[in-house]
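[1] below: sequence and its predicted model.
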4 protein chains.
Amino acid sequence: MKTRDRIMLGALELFNERGEPNVTTNHIAAHLSISPGNLYYHFRNKEQIIDAIFDGYTSALKNSFSPKDRYSSEELLAYLDAIFLLMWRYRFMYANLPDILSRDEQLQEKYLAAQEISHRNIMTLLESFRESGLLSAGVKEMQSLANTLKLVITSWVAFQTVQAPGAKITKSVVYQGVLQVLAVVKPFTTGLGKQRVMELESHYDDHLQEDLV
Amino acid sequence: MKTRDRIMLGALELFNERGEPNVTTNHIAAHLSISPGNLYYHFRNKEQIIDAIFDGYTSALKNSFSPKDRYSSEELLAYLDAIFLLMWRYRFMYANLPDILSRDEQLQEKYLAAQEISHRNIMTLLESFRESGLLSAGVKEMQSLANTLKLVITSWVAFQTVQAPGAKITKSVVYQGVLQVLAVVKPFTTGLGKQRVMELESHYDDHLQEDLV
Amino acid sequence: MKTRDRIMLGALELFNERGEPNVTTNHIAAHLSISPGNLYYHFRNKEQIIDAIFDGYTSALKNSFSPKDRYSSEELLAYLDAIFLLMWRYRFMYANLPDILSRDEQLQEKYLAAQEISHRNIMTLLESFRESGLLSAGVKEMQSLANTLKLVITSWVAFQTVQAPGAKITKSVVYQGVLQVLAVVKPFTTGLGKQRVMELESHYDDHLQEDLV
Amino acid sequence: MKTRDRIMLGALELFNERGEPNVTTNHIAAHLSISPGNLYYHFRNKEQIIDAIFDGYTSALKNSFSPKDRYSSEELLAYLDAIFLLMWRYRFMYANLPDILSRDEQLQEKYLAAQEISHRNIMTLLESFRESGLLSAGVKEMQSLANTLKLVITSWVAFQTVQAPGAKITKSVVYQGVLQVLAVVKPFTTGLGKQRVMELESHYDDHLQEDLV
DNA sequence: GATGAATGAGGATTCATTCAT
DNA sequence: GATGAATGAATCCTCATTCAT
């Protein structure tokens, strides 16, 4: 693997583990057994490392989450899993978002762009559900449902981190997040939709014990 | 005002404005035109200042938000306002929660205790709504509704801060938060409840332009 | 007791316990439950407190240790005890002497004057021993014997403190100091003197177990 | 010279000159015209600098002072010189020993280990003297002689520093220390030993005027 | 005599970043 | 590409001392 990529990965790892403010550039270098000078050869500064990590997040968002027209139950399941796993992989960001963004105007803009994408993705998805007769809601309701979903998705991991201090977060926590999302959507589902939701729910209930690798 | 209180207020002000990690004890002292020594005369360290501020938050939570049995529309309105204003006054915390808590074990515990209170308050409130026939939901639904509400309430301010970077947050943002809460509750309301919600909604829609003092 | 005296005693206590550099004027005040302002009402500064304590030491040296012409075994015993107890009571000084004196010229002079007294006392004592036929030594030998004794006496307590870190110093340590002094003197004793020394030695050997109050 | 070594030497110099408590890490850095950051690049903290200096002292003790079986007068002379010069080079330690050790548990242990070495060295030396018929003393006498010697050697420099305040310490002071040691040993010498001692004494008497480089 | 809030210079230490090699 | 020594501003905090009451 290229040094540049190793730095991004190592930094991400440490940021998630200890929180970005507690990870110095020297920590990162030491963690990878490279020199600080080398780190700064590949990145102008710490900000840029975070920026690059964020780009990884954004492109994952773009590539893996552009919603399709139609989802089988299995696909939907995988989709929801993937979203929460994404949040989990970049959880350090959501632990400090206002602070990180306030330091870096460029990132702030990137973040807003990413938000747009997320919002569109969610809306498209909801729309497609409505069209397939799974969901029944007015325009305004759809909007605020989308907002609530964004809130739940982005806050879930940080929120959980804070609830159970030292505890290693397990897959079960991520799954609970999915269940929370389902619970938010449920009141707006049609009979058919409700069935689909319940299928998903029972699936996750079954896997609530598993640990996160 | 006592110096100790001035420190707490000044610190809160700066924390909210610039983010806790960007505010040094010397900044606080300078902001109040007192010496750093004086600041440390009243507080052992920065942690203790945050702790004291948090205690203010907790006691507000305890004193002003123990829910009553029955609410008139006006009361409910005031109640929701007050909650979001509380979040707004202590928004610095929610901007960095995982980081702040990880540094201070004692605070972590206090936080969990405060969470308990919040959760109980919300549950009591929802329960009373159900009993007055405003809400209709099963036990599990009530639980996850409560969770969503907690999430929306605690994340809203931070979330909004991040959406609109430099922009001063206005009362309208807080009001939008209330509307978001109402939207989350709405699907679970009875006909009577739905009416109440719509009254509230129209009230907030009217005030959405106002600025925050 | 007068506040001024309480301060001196409290300070002495803390100095001995924790070492002078680790005791702040606020510690002393808190220890006595008085205000720092009050402490500074009675003493211009920390230096002056040390000075005053030192005066206590000097006057003890002057009053209780001006040697008499003739000593019974019991008296000699009491005398030696008293000297080492004096060292013990003011042990904080000897733990940091060069540093303490370098900060305070006036004290430095007082110290030299006290040294003079000690030296004279020791010489007078040795002289009287020689005259009573207990000791046999030339002038030069007496001088260097006196020097060695001063060294042993003043260094003993500090030296022991350092040997056994946390250990509370007991009377036995002080007694060992006396035995060390006797061992230094012994080679210069006459037959008669040797007998006296051995009497004293056996006395201290018997009490080596006791603890210091 | 390596920066790390320059720091150790510069610190040693300043510690000896002004006393360890009066020398800040910034003083040391300024004295060497390096940045404080650089100093902390090489040492984690002030304690570690002292530790490293102490290691130098210990290794000198180990390497240069393991006693041989037999000493010519010249060798003995050089040996005694060297010991006092060692004390002189690390005199800052003995000026504050209890305080320095109480702050640093690890150093305390190192110190006790070093003490052991010193004690063994002295005992071996005395033993060899006895075997060559220079010394005549019983087991108990040897023990307390060794103790007195340790006391005299370790206290001498500090003791002298305190006697003559501002005065630069000269070689003569160190030589007087050697003479003091000789005076302590003398009463236990045989005729042959006494001769050896007197040779040494006259040697040092001749050099008492010289200044220390 | 006594209080206790207030001062401010100074201390140890950190860390993003640079730069000669 | 890489090293690692070096920088220096900034951080949190201490403590002898002062002063209004």
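    Yes, it's here.

[2] which residues does A:Tyr40 contact?
    By Cβ atoms under 8 Å, 6 or more residues apart in numbering or on different chains, the contact set of A:Tyr40 is A:Thr25. Quick note: C-beta positions are derived from backbone N, CA and C, even for glycine.

[3] per-residue pLDDT, it?
    If you check A:Tyr40, the pLDDT there is 98.

[4] against chain D, how distant is it?
    To chain D, A:Tyr40 is 16 Å away according to Cβ to the nearest Cβ, to the nearest Å.

[5] any idea which element that residue lies in?
    helix A:36-42 (DSSP states H and E).

[6] only the buried residues of that helix, if you could.
    For helix A:36-42, a neighbour-count test (16 or more other Cβ atoms under 10 Å in any protein chain shown) marks A:Leu39, A:His42 as buried.

[7] what about it, distance to the chain center?
    Distance, stretch centre to chain centre, for helix A:36-42: 29 Å (Cα atoms, centre = their mean, to the nearest Å).

[8] so after that helix, what's the next helix or strand?
    Next helix or strand after helix A:36-42 toward the C-terminus (DSSP H and E): helix A:46-64.

[9] is DNA strand E contacted by that next one?
    Yes. Against DNA strand E, helix A:46-64 shows contacts by Cβ under 7 Å from any atom of the strand at A:Lys46, A:Glu47.

[10] what mean pLDDT does that helix get?
    94.

[11] other SSEs contacting that helix?
    Applying 3 or more Cβ pairs under 8 Å, 6 or more residues apart in numbering or on different chains; DSSP states H and E, one finds that helix A:46-64 contacts helix A:3-18, helix A:25-32, helix A:73-89, helix A:105-131.

[12] that helix and DNA strand F in contact?
    No. Against DNA strand F, helix A:46-64 shows no contacts by Cβ under 7 Å from any atom of the strand, the least distance being 12.9 Å.

[13] distance of the closest residue to chain D within chain A from DNA strand E?
    Closest residue of chain A to chain D, Cβ to the nearest Cβ: A:Asn26 (10.2 Å). To DNA strand E, A:Asn26 is 6 Å away according to Cβ to the nearest atom of the strand, to the nearest Å.

[14] what's the neighbour count on that residue?
    The number of residues packed near A:Asn26 is 11, by other Cβ atoms under 10 Å in any protein chain shown.

[15] same deal with A:Gln108?
    Other residues within reach of A:Gln108, judged by other Cβ under 10 Å, total 16.

[16] next, count neighbours for the closest residue to it other than its chain neighbours.
    Computed as Cβ to Cβ, 6 or more residues apart in numbering or on different chains, the closest residue to A:Gln108 that is not its neighbour in sequence is A:Leu101, at 4.5 Å. A:Leu101 has 23 neighbours, counted by other Cβ under 10 Å.

[17] packing partners for the helix or strand hosting A:Leu101?
    For A:Leu101, the element it lies in under DSSP H and E is helix A:97-102. The contact analysis (3+ Cβ pairs under 8 Å, 6+ apart) places helix A:97-102 against helix A:105-131, helix B:91-102, helix B:139-163.

[18] residue of chain A closest to DNA strand F, please.
    Closest approach between chain A and DNA strand F, counting by Cβ to the nearest atom of the strand: A:Gly37, at 1.6 Å.

[19] let me see the domain layout of chain A.
    For chain A, automatic domain parsing gives the domain ranges A:1-44, A:50-212.

[20] appreciated, that's everything.
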